[in-house]
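Asker: just the structure for this:
(one chain, ligands or ions: 1)
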Amino acid sequence: KPASELSTEFANKHITPGIGRVASDLIIERGKGSWVWTTDGRKWLDFTSGIGVTCLGHAHPAITAAVTAQLEKIVHSQVNIAHSEAYVRLVERLLPLMPDPSLDTFFFTNSGSEAVENAVKVAKNYNNRRGIVVMQGSYHGRTYATSAMTTSKTVYSAGFGTSIAGIYPTPFPYASQLHMPADTSTEDLTKLALSHLSLLFKQQIPAHEVSCIVVEPVLGEGGYVPAPAEFLKALRDVCDKEGILLVFDEVQCGFGRTGKMFYSEYSGVVPDIQIMAKGIAGGMPLSAIVAKNEFMKNQKPGSMGGTYSGNALACAASAAIMDVFEQEKILDNVNARSAQLFETLHALRDGEETKHLIKDVRGKGLMVGLEFEPFVEPITASSIISGSASGAIKPGAGPSSAPQHGTAEKKRVKDIGSRVAKKCLEKGMLILTTSVFDV
Ligand code: PMP
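Answerer: Take a look at the predicted model:
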């Protein structure tokens, strides 16, 4: 049967509705570079990168070659039987790329969620404490434990509630979430977030019972908010003082996404455990934790593993990606493209016709988000849907129709973010929304 005959009605009927998706009327067939093609023959500019995964674009020849060569050598070299060549080679390749030489002991898994689970296991095994502190707005996965650590949206635990005990969310220094104006200084946001953390230690769990603090250095699913350096430094100090392990979830912000290999490099703060996935293997299922050896060394042999853990194809893809990062100076490209993107988005933020819609433009490198104003006053909702929203994300272009002023009534304009994403889709661009603020 040709791909064009595959039916979305069939897919929607027989694939769980629990998978939310940007478009349920499309079936993606293939990709190349920044583009994907759907079975109906249409071509799309892929700004989703498979949710921050395809760091070298789709079908990069170096990845294809590495996976093909590995496929011919050995596909499944199970790591609880003997060391796997591809695994050992990848550790050799990744070690010098880590943000600090102290992060030297690796474990590979298949998904970001699994890596998060393992980071928590390692931390708890090290200090035998019950509590896990996470940030409000965090996303750490959809497995049983990680969905309890995820606080970005209630949908991630819909129907089953908080699955495990001992998880304590604390505010991230994010203005909207703290009900502060968008221009609040990072210093003030940091102070506010830290005061909540010290309150948590007094009201809910004493610091000496906390095993680890798990933080996304750039809050991803919760709103694309880079953590201020002073916040990460303060967390490091708290952890050092209280014997808590600091865990950075770089699943989304790692591997060049922010213009450095890892976002923590901007602050110089070194975590005790770093979690990685997504860009690590460009779409092959691979994730990892790397820890300072003192925290990993007491893991009992057999306590870690998994049938497909660190599978050879994914490891080969990852090593090839690291070569391309160097050969093609990928980080330089991220920073150059980032400057272009910010220039356009800042022009929209400051532009007469769009500034009333845009609350904040933020991010680092190519991990960039746009937050829309929750209240647009005194502009009518209809003018936003028909005109400005589409202009707000089309680089270099103004809105197709100017907003109509003159409505005295204060209007709650909801869902601007998702309307913008829908408009992008209509124009042939795949884009994602995050957070609960105006989406
Ligand atoms: N942590 C972060 C920061 C993520 O963004 C994600 C995925 N969006 C995960 C963990 C979970 O990764 P996975 O979907 O591969 O389980």
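Asker: what sits against residue 35?
Answerer: Taking CB atoms under 8 Å, 6 or more residues apart in numbering as the contact definition, residue 35 lies against 43-46, 58. The C-beta positions use only the backbone N, C-alpha and C, and glycine is treated the same way.
Asker: and of those residues, the nearest to the ligand?
Answerer: Lowest distance from the ligand to these (CB to the nearest ligand atom) belongs to residue 46, with 16.3 Å.
Asker: give me the number of residues near whatever residue of the chain ends up closest to the ligand?
Answerer: When distances are taken as CB to the nearest ligand atom, the chain reaches nearest to the ligand at residue 112, 2.2 Å away. Residues near residue 112, counting by other CB atoms under 10 Å, number 28.
Asker: any of the contacts of residue 35 buried? List them.
Answerer: If you count burial by 16 or more other CB atoms under 10 Å, the buried members of these come out as 44, 46, 58.
Asker: mind listing what's buried along the longest helix anywhere in the chain?
Answerer: Selection of the longest helix in the chain by residue count, based on DSSP state H, yields helix 330-350. Of the residues in helix 330-350, 330-331, 334-335, 338, 341-342, 345, 348-349 count as buried by neighbour count, 16+ other CB under 10 Å.
Asker: tabulate those residues (a markdown table), appending pLDDT and distance to residue 241.
Answerer: Output for the buried residues of helix 330-350, formatted as a markdown table (pLDDT from 0 to 100; distance: CB to CB, whole Å):
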| residue | pLDDT | distance to residue 241 |
| --- | --- | --- |
| 330 | 98 | 38 |
| 331 | 98 | 34 |
| 334 | 98 | 35 |
| 335 | 98 | 35 |
| 338 | 98 | 36 |
| 341 | 97 | 39 |
| 342 | 98 | 37 |
| 345 | 97 | 39 |
| 348 | 94 | 44 |
| 349 | 94 | 40 |
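Asker: circling back to that earlier point, so which of the buried ones among the contacts of residue 35 are in strands?
Answerer: Counting by DSSP state E, the buried ones among the contacts of residue 35 place 44, 46 in strands.
Asker: does the ligand sit close to stretch 34-49?
Answerer: No: no part of stretch 34-49 sits close enough to the ligand to count as contact by CB under 6 Å from any ligand atom; the gap is at least 11.3 Å.
Asker: what's the end-to-end length of that stretch?
Answerer: End-to-end distance for stretch 34-49: 8 Å, by CA to CA, to the nearest Å.
Asker: and that stretch, how far out from the chain's middle?
Answerer: In this view, stretch 34-49 has its centroid 21 Å away from the chain centroid, taken as CA atoms, centre = their mean, to the nearest Å.
Asker: now for residue 104: which residues touch it?
Answerer: When the contact criterion is CB under 8 Å, 6+ apart, the partners of residue 104 are 95, 98, 290, 292-293.
Asker: quick one, which of these are buried?
Answerer: Buried subset of these (neighbour count, 16+ other CB under 10 Å): 98, 290, 292.
Asker: how about the second one: what's its closest non-neighbour residue?
Answerer: What it means is residue 290. What sits nearest to residue 290 in space, not counting adjacent residues and going by CB to CB, 6 or more residues apart in numbering, is residue 103, at 4.6 Å.
Asker: so what's the residue count around the one you found?
Answerer: 23.
Asker: could I get the phi/psi values of it?
Answerer: Note on residue 103: backbone dihedrals following degrees, to the nearest 10 are phi -80, psi 90.
Asker: tell me the confidence at it?
Answerer: Note for residue 103: predicted pLDDT of 98.
Asker: ok so, going back, make a markdown table from the buried ones among the contacts of residue 35 and add distance to residue 246 to it.
Answerer: Below are the buried ones among the contacts of residue 35 laid out as a markdown table (distance: CB to CB, whole Å):
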| residue | distance to residue 246 |
| --- | --- |
| 44 | 39 |
| 46 | 34 |
| 58 | 35 |
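Asker: could you grab the helix/strand/coil label for residue 71?
Answerer: Here residue 71 is recorded as helix under DSSP: H, G, I helix; E, B strand; the rest coil.
Asker: roughly how far apart are residue 265 and residue 256?
Answerer: As defined by CB to CB, to the nearest Å, residue 265 lies at a distance of 11 Å from residue 256.
Asker: what of residue 165?
Answerer: Relative to residue 256, and taking CB to CB, residue 165 is found at 37 Å.
Asker: in terms of neighbours, single out the busier of these two.
Answerer: More neighbours surround residue 256 than the other of residue 165 and residue 256, with 22 against 9 (other CB under 10 Å).
Asker: let's see which of the contacts of residue 104 end up in strands.
Answerer: The members of the contacts of residue 104 that map onto strands under DSSP E are 290, 292.
Asker: from the contacts of residue 104, which is closest to residue 13?
Answerer: Of all these, residue 13 sits closest to residue 290, with 42.6 Å by CB to CB.
Asker: surely that closest one and residue 99 touch.
Answerer: No: taking contacts as CB atoms under 8 Å, residue 290 lies outside contact range of residue 99: 9.5 Å.
Asker: measure how buried the residue lying closest to residue 310 once chain neighbours are set aside is and give me the count.
Answerer: Closest residue in space to residue 310, ignoring its immediate chain neighbours: residue 108 at 3.1 Å, by CB to CB, 6+ apart. The tally of other residues near residue 108 (other CB under 10 Å) stands at 31.
Asker: same deal with the one 5 residues further on?
Answerer: Applying other CB under 10 Å, we find 24 residues neighbouring residue 113.
Asker: any idea how far it lies from residue 139?
Answerer: Counting by CB to CB, the gap from residue 113 to residue 139 is 10 Å.
Asker: what's the domain layout of this protein?
Answerer: Listed domain ranges for the chain are 1-46, 61-327, 329-439 (source: automatic domain parsing).
Asker: out of the ones you listed, which is the most enclosed?
Answerer: Relative to the other members of the domains of the chain, domain 61-327 carries the highest mean neighbour count by mean count of other CB atoms under 10 Å, namely a mean of 20.
Asker: which bits of the stretch 101-250 of the chain sit near the ligand?
Answerer: Contact residues of the stretch 101-250 of the chain with respect to the ligand, defined by CB under 6 Å from any ligand atom, are listed as 111-113, 116, 139-141, 216, 220-221, 249.
Asker: farthest pair within the residues you listed?
Answerer: Of all pairs drawn from these, the widest gap by CB to CB lies between 111 and 216 and measures 15.8 Å.
Asker: lowest average confidence across the domains of the chain, which one?
Answerer: Averaging pLDDT over each of the domains of the chain singles out domain 329-439 as the lowest, with a mean of 74.
Asker: and the helices in the chain, which stretches?
Answerer: Taking DSSP H, the helices of the chain run over residues 8-14, 49-52, 61-73, 85-94, 112-127, 144-149, 186-203, 229-242, 293-296, 312-327, 330-350, 381-383, 389-392, 416-426.
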